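Peer 1: need a structure here:
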Amino acid sequence: MRRLARWMGTLLCASAAPLAAQVEGHLDLGMGGASLLGAGMTSLWAVAPEFRWQPAQFRLDGSGEYRDFGTAGRTYAGATSVSWFAALGRPLLVELNGAAEGRRDPGGPGATSWDAGARLHLRSATTGGWVGLRAGQDRLGALNRWEAGLWRTMGRLSLQLQGKRTVGGLLTGASLSPTEDTLARPDSSGQTRLRVTTDFGAWLSWDGGRVQLRGGLGWRVGQMEPANGSLADGTGTASGGRYNWWSAEGTYWLSDRVGFTGTVGTQPPNPSLYVAAQRFMRLSIRVALNQHHTRSEPTLETERTDFQFRRSGGLVEFSVRAPLAARVELMADCTDWQPVELIREGDGNWRVRIPAAPGIHYVNLRFDGGSWQAPASTRVIRDEFGKETGVVLVD
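Peer 2: Numbers count the residues shown, from 1 in each chain. Okay, here's the model as predicted:
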C-alpha cells in the first residue's frame, strides 16, 4: 500500500506541471453596478473566475460570476463548454461541442440550459470561418440553432463576426415572467408555439502586451421579453422585438500576473435564463493563473535564434536546442495541426523532418507537455483565441 501511495504521489507530481501549463485563466475581484434599463443603478461587488484548458485536440472552457447587491440580493451565474477537434485535411477542421449554463437572480427562480452540436471550420493561421448546427433544451422547451462565424487576425488586432438563429418550442401555458414559480407546463391540449430569435455580433480586440482592449456590439431580434409575462399574439408565434447591445473592456497589467480591468456595457434580455435587459459596469483587480507576457511583440533581431529550419528536397528539418527538456513537440499547418515529437540528439538539440512545400508555414512548439508557444526567432501572430503562432518562410 505504501509503495502504491508513493507511486501515485510521484505520478501526480510529474503530471501537475504540464497540466497547470495547459490551463489558462484569471480571477476578477471588483466593484461596480448593474440595473434594469430604465431603473436606477444598484451597487455591487463581484467575483468572476474564468479558465480554459486546451491540450492539442481538446478544449474546456468555464466561467462564473457571483454578484452581491447587499440587501437587494445576490446573483449566481456559470457557464461551461467542451470541444473536441479533428482535422479533415488542411484547411478543414471539425468540432464536436457541448455547452451548459445556469443563472439565478434576486427575486426569481434559477434557470439552466444546455445544447450540443457540431461545427465545420475552414481556417488558416490568420483567417477562418465556421458553420454549425446545435440542439438542446432550456426552461421553455426544446430548441435548435444554426450558427456561423468569421474571424481574422492582423498582428495585434483581431476581428470576429458571429450570427445565429434559434428556434424553440414554447409550451402552451408556459410563462416568460421571472416571477412565475410554475414554468413550461403544457395545458390539456399539449400544444406548443414557436419562439424564434436571431442574433448578430461583432467583436474587435487589440493586444498591446501590457494593455489589452476589447469591444463588441450587436443586436437581438425575436421573442426576448422575460419580464412582462406576455406569451403570444394569437398566431402561434411568441411576440418579439429588437434590442441593440454593446460592451467595452480594458485591462492594464501591472505585472505578469496582476492587472486592473474595467468593463462597461449593456446586455440583451434572455428569457431562457430569466434575464431582463441590463446595463452594467465594473472595475476589478485581475489575477492571472499563468504569467501574462507584457513584453513587446518579438522580432528577428531581439529574439534568440535556437530554433532553426531548412528544406532538403520535399522535407523540412526543424530543430531547436533544449538540453533540459525531456520531451519536445511541434505542431504546424504542414502536420495538419497534429503534434509531432522531435528526436533528441546528444548535443541537446531536438530534430524532426516533415514533408512541407516551399512557402509560408505556421509553427508552434511545446516543451514537456506545457503550453504551445511560438518558437524563438520567428515572427509572432495571434489566432482568434489569442494564441501565439510563429511564422516561417521555407524556401
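Peer 1: hey, let's count contacts and neighbours off CA atoms from now on
Peer 2: Fine.
Peer 1: confidence-wise, which helix or strand of the chain is lowest on average?
Peer 2: Counting by mean pLDDT, DSSP states H and E, the chain has its least confident helix or strand at helix 2-22, which shows a mean of 41.
Peer 1: got the domain ranges for the protein?
Peer 2: Annotated domains of the chain cover 13-288, 307-394 [automatic domain parsing].
Peer 1: which stretch in those is the model least sure about?
Peer 2: Note on those: domain 13-288 shows the lowest mean pLDDT, a mean of 79.
Peer 1: just give me how far that domain sits from the chain centre.
Peer 2: Distance, stretch centre to chain centre, for domain 13-288: 10 Å (C-alpha atoms, centre = their mean, to the nearest Å).
Peer 1: the nearest residue to R139 once chain neighbours are set aside: neighbour count?
Peer 2: The shortest distance from R139 to any non-neighbouring residue, by C-alpha to C-alpha, 6 or more residues apart in numbering, is to S272 (6.0 Å). Applying other C-alpha atoms under 10 Å, we find 19 residues neighbouring S272.
Peer 1: distance of S272 relative to T197?
Peer 2: 11 Å (C-alpha to C-alpha, to the nearest Å).
Peer 1: chain center to stretch 280-289, what's the gap?
Peer 2: 17 Å.
Peer 1: from the contact counts, what lies against the strand or helix carrying N364?
Peer 2: Using DSSP states H and E, N364 maps to strand 359-367. Secondary-structure packing of strand 359-367 (3 or more C-alpha pairs under 8 Å, 6 or more residues apart in numbering; DSSP states H and E): strand 328-332, strand 388-394.
Peer 1: got the CA coordinates for the last one in CSV?
Peer 2: Taking C-alpha atoms only, strand 388-394 is exported to CSV below (Å, rounded to 0.1, in the frame of the first residue of the first chain):
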residue,chain,number,x,y,z
GLU,A,388,0.6,33.0,-30.4
THR,A,389,1.8,31.2,-33.6
GLY,A,390,5.2,31.5,-35.3
VAL,A,391,5.5,32.3,-39.0
VAL,A,392,8.4,30.9,-41.0
LEU,A,393,9.3,31.2,-44.7
VAL,A,394,10.6,28.0,-46.2
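Peer 1: compute the inter-axis angle for it and strand 359-367.
Peer 2: Counting by axes from the mean of the first three to the mean of the last three C-alpha atoms, to 10 degrees, strand 388-394 lies at 130 degrees to strand 359-367.
Peer 1: I'd like to know which of the helices and strands packed on strand 359-367 is closest to S284.
Peer 2: Smallest distance to S284 across those (C-alpha to C-alpha): 26.0 Å, for strand 388-394.
Peer 1: partners of H26 in the sheet?
Peer 2: Applying DSSP bridges to H26 gives these bridge partners: E50, A288.
Peer 1: give me the number of residues near G262?
Peer 2: Neighbours of G262 (other C-alpha under 10 Å): 19.
Peer 1: now it. Nearest residue, chain neighbours left out?
Peer 2: Ranked by C-alpha to C-alpha, 6+ apart and with sequence neighbours excluded, the top spatial neighbour of G262 is L283, at 4.5 Å.
Peer 1: helix, strand, or coil at that neighbour?
Peer 2: At L283 the chain is in strand, as set by DSSP: H, G, I helix; E, B strand; the rest coil.
Peer 1: distance of it relative to M31?
Peer 2: To M31, L283 is 6 Å away according to C-alpha to C-alpha.
Peer 1: overlap in contacts of those two?
Peer 2: Among the neighbours of L283, none is also in contact with M31 (C-alpha atoms under 8 Å, 6 or more residues apart in numbering).
Peer 1: neighbour count for those two, which is higher?
Peer 2: More neighbours surround L283 than the other of L283 and M31, with 21 against 18 (other C-alpha under 10 Å).
Peer 1: that one contacts F260, doesn't it?
Peer 2: Yes. Counting by C-alpha atoms under 8 Å, F260 is a contact partner of L283 at 7.4 Å.
Peer 1: quick check, S272 in a strand?
Peer 2: No. Assessed with three-state DSSP, S272 is helix; it does not lie in a strand.
Peer 1: give me every residue that touches it.
Peer 2: Residues in contact with S272 (C-alpha under 8 Å, 6+ apart) are 111-113, 138-140.
Peer 1: who wins for most neighbours among the residues you listed?
Peer 2: Neighbour-wise, the contacts of S272 (other C-alpha under 10 Å) top out at L140, 23 neighbours.
Peer 1: didn't that residue look like it was pressed against G169?
Peer 2: Yes. With contacts counted by C-alpha under 8 Å, L140 reaches G169, the gap being 7.2 Å.
Peer 1: excluding covalently adjacent residues, which one is nearest to the spatially most central residue of the chain?
Peer 2: Geometric centre of the chain, nearest residue: D61, 6.2 Å, by C-alpha atoms, centre = their mean. Nearest residue to D61, sequence neighbours excluded (C-alpha to C-alpha, 6+ apart): R52, at 4.5 Å.
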